[in-house]
Structures are given as C-alpha cells and as structure tokens.
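Enquirer: this one's sequence-less:
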C-alpha cells in the first residue's frame, strides 16, 4: 500500500525461521523494550517496532524481538495510538452536527439486549 490511512494498513507478513534467527542475532538476543537478555528457553516474538496500524512497514528494519512480558504493554500502547489517530481523522471529516450525540454512553445493557438509560 502506498498511502497512509488511519483506517487501512499493509497486510501483515510472516518471517521465515531463518529470518527470525537472523533478527534474533542482529538484536543481540535482547528485548527491544525492556532490554532484557533472552535465554535459549525464553519465549519471544518478532514484532513491528512501529505497528502497521500506526504507519509501520513489514521491512526487517522495522522488526525487533519482544519478550512475552512486554508484548501486552506494547500492544496496548499501539492500539491506543491507532484509536486516537482514527478519532482525529474522523473528527476532521465528519461535521460536528452529524456526529453521534450519544458518544458518552450513559446507561447499561441488560442480558436480553435492552438498553437502560440513566
């Protein structure tokens, strides 16, 4: 994909085992977030340093290794940033008078699907 959009991004591409091993060695076997040295038995993943949904690419230069302890925190940060960019993009396109008035949902939903408003 050539254009950057808050709503569309390049499809995710998997690395081969050889590419993963090369990435591990290039990173020195260290998690890119906490800088913890990963041991042979530790579980780790290869991850985009800049998430695809935030404008990152599938290039090896945008890849790093992350320990499983740091992954949930990085994912939460990435999703928060992407949601903010979608919100800002929507706010610039949709006129104020056309936006949903019930954005701040004040109520709760029963198990049968009925909405109870405060």
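Expert: Structure received. What you see is a predicted model; the values in this text were computed from it and never measured.

Enquirer: nearest residue to the residue most central in space within the chain in space, please, no chain neighbours.
Expert: Central residue of the chain (C-alpha atoms, centre = their mean): residue 78, 3.7 Å from the mean position. Leaving aside its sequence neighbours, residue 78 sits nearest to residue 51 (C-beta to C-beta, 6 or more residues apart in numbering; 4.0 Å). C-beta here means a position set from N, CA and C on the backbone, and glycine is covered the same way.

Enquirer: quick one: contacts for that neighbour?
Expert: Residues counted as contacts of residue 51 (C-beta atoms under 8 Å, 6 or more residues apart in numbering) are 78, 81-82.

Enquirer: in JSON lines, list those residues along with secondary structure.
Expert: What follows is those, written out as JSON lines (DSSP: H, G, I helix; E, B strand; the rest coil):
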{"residue": "78", "secondary structure": "helix"}
{"residue": "81", "secondary structure": "helix"}
{"residue": "82", "secondary structure": "helix"}
